[in-house]
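Asks: generate coordinates for the sequence data below:
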Amino acid sequence: MNLTTLQFPFHLHPGLIPNFRAAIVEQIGLGHELFHGHDNSEQGVTKYSNAYPLIRFAIFRGKAQIIGMGAGARAIIKHLLPAIPDTLIIAGQPCDTVGWKLKTSSWEPQVLSEYQSFGLYQWVGLNKENYTAWKEHDGKESARRLILDRCLTGHLRALAQAAGLKKEQRSRIVARVLRQDRSKKINWHGTKLIGFDVVAEANFVPPYGLGLGRCHSFGFGEVCSERGYMALNRKKRKPAATGETGTAGNGADLLA
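Replies: Numbering: from 1, shown residues only. You can find the predicted model right below:
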C-alpha cells in the first residue's frame with residue numbers, strides 16, 4: 001500500500017486542524033470526498049461517509065501535514081498538489097505554502113507472528129456505547145482495560161480492512177493496552193469524548209504517523225514508537241484550557 005506525506009512549511013496549532021482541512025477542501029472542491037469525509041454518491045444529498053478515512057490531517061514538528069494511504073495517497077498527488085496556492089488562508093490567517101515537501105513510501109500490511117509494542121497518543125478509543133460501559137466500571141481498572149483492549153483490536157481490524165487484508169487475516173488481529181498514562185476529556189462538536197495516552201501491543205501495527213480510533217483524520221490517535229512516546233510523556237506541556245476542543249498531533253515530532 002502506498003503512503004504519501006505532504007509537509008507544509010508553516011506552523012499550525014493543533015486546535016486549528018479542522019480549519020486547515022476546511023481550507024484544503026475549499027481549494028480542491030467538494031467533489032473529492034476523501035478529503036472531507038462526506039459521501040458524494042447522491043447528488044444534492046449531504047451525508048457522512050462510513051468509509052475508513054484514508055487522509056489524515058496532523059502536525060509534524062509543529063508544522064501542518066497531510067498523510068494519505070492507498071487511494072488517499074493517490075488523491076493527494078493527483079488532486080491536491082496541482083491545487084496548492086502559494087498562500088493558504090486558515091481561520092482568516094495567511095499561511096505561506098511555498099517550499100512544501102512530499103514524501104512517498106510503501107507499507108505492506110501483515111499480521112505478525114509476535115506482538116509489537118507501540119505508543120498511541122490522544123487515542124479516542126470509545127464510541128458512545130463503550131463510553132457508557134467504561135463509566136459504569138469506575139474504579140474497576142481490569143474491566144476498563146478489557147474495554148480498551150476490545151476497542152483497540154476493533155480499530156486495528158478496521159484499518160486492516162481498509163488496507164486490503166482478508167477477513168480471515170483480520171480475525172487474527174489482537175491488541176492489548178499495556179499501560180495508560182493519561183486521559184483527557186475532549187468536547188468534539190458538542191460530543192463528550194476521552195483521549196487516552198497509552199502504550200499497547202498488537203500483532204498488527206501501522207506505520208508511525210498514521211492514526212487510529214475516532215477522529216483520527218483530525219490528528220487524534222497518533223501511532224508512534226515506544227521511545228518516541230516516552231519522550232512525549234516526559235515533555236512538559238501546559239495544561240489545556242477548560243473546554244478546549246483542540247486536536248492531537250503535538251507529539252508528531254517524536255515519532256522516531
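
Asks: after the lengthiest helix in the chain comes which helix or strand?
Replies: Ordering each helix of the chain by length in residues (DSSP state H) puts helix 141-162 first. Of the helices and strands lying after helix 141-162 in sequence (DSSP states H and E), the nearest is helix 167-170.

Asks: what helices and strands are in contact with the next helix or strand after that following helix?
Replies: Next along the chain after helix 167-170, taking DSSP H and E as the criterion, comes strand 175-188. The contact analysis (3 or more CB pairs under 8 Å, 6 or more residues apart in numbering; DSSP states H and E) places strand 175-188 against helix 141-162, strand 191-202. Heads up, the C-betas are built off the backbone N, CA and C, glycines and all.

Asks: distance to residue 228 added to the ones you listed, as TSV?
Replies: As requested, those are exported to TSV (distance: least, CB to CB, whole Å):
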stretch	distance to residue 228
helix 141-162	18
strand 191-202	11
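
Asks: out of these, nearest to residue 92?
Replies: strand 191-202 (25.7 Å; CB to CB).

Asks: please compute how far the helix or strand of the chain with the lowest mean pLDDT lies from its chain's middle.
Replies: In the chain, no helix or strand scores lower on mean pLDDT, DSSP states H and E than helix 226-234, which sits at a mean of 76. Computed by CA atoms, centre = their mean, to the nearest Å, the chain-centroid distance of helix 226-234 equals 18 Å.

Asks: please apply the same query to stretch 97-104.
Replies: 20 Å.

Asks: likewise for stretch 16-31?
Replies: So, by CA atoms, centre = their mean, the centroid of stretch 16-31 is 17 Å from its chain's centroid.

Asks: please apply the same query to stretch 68-76.
Replies: 15 Å.

Asks: start and end of it, how far apart?
Replies: 7 Å (CA to CA, to the nearest Å).

Asks: buried residues in it?
Replies: Using 16 or more other CB atoms under 10 Å as the burial criterion, the residues of stretch 68-76 that qualify are 68, 69, 70, 71, 72, 73, 75, 76.

Asks: over to stretch 128-143?
Replies: Here stretch 128-143 shows 131, 134 as buried, counting by 16+ other CB under 10 Å.

Asks: ok, stretch 177-188 next?
Replies: 177, 180, 184, 186, 188.

Asks: quick one: low-confidence parts of the chain?
Replies: 38-49, 232, 234-256 (pLDDT under 70).

Asks: how about the strands of it, start to end?
Replies: 2-11, 55-60, 63-69, 87-90, 93-96, 101-106, 116-123, 175-188, 191-202, 222-224 (DSSP state E).
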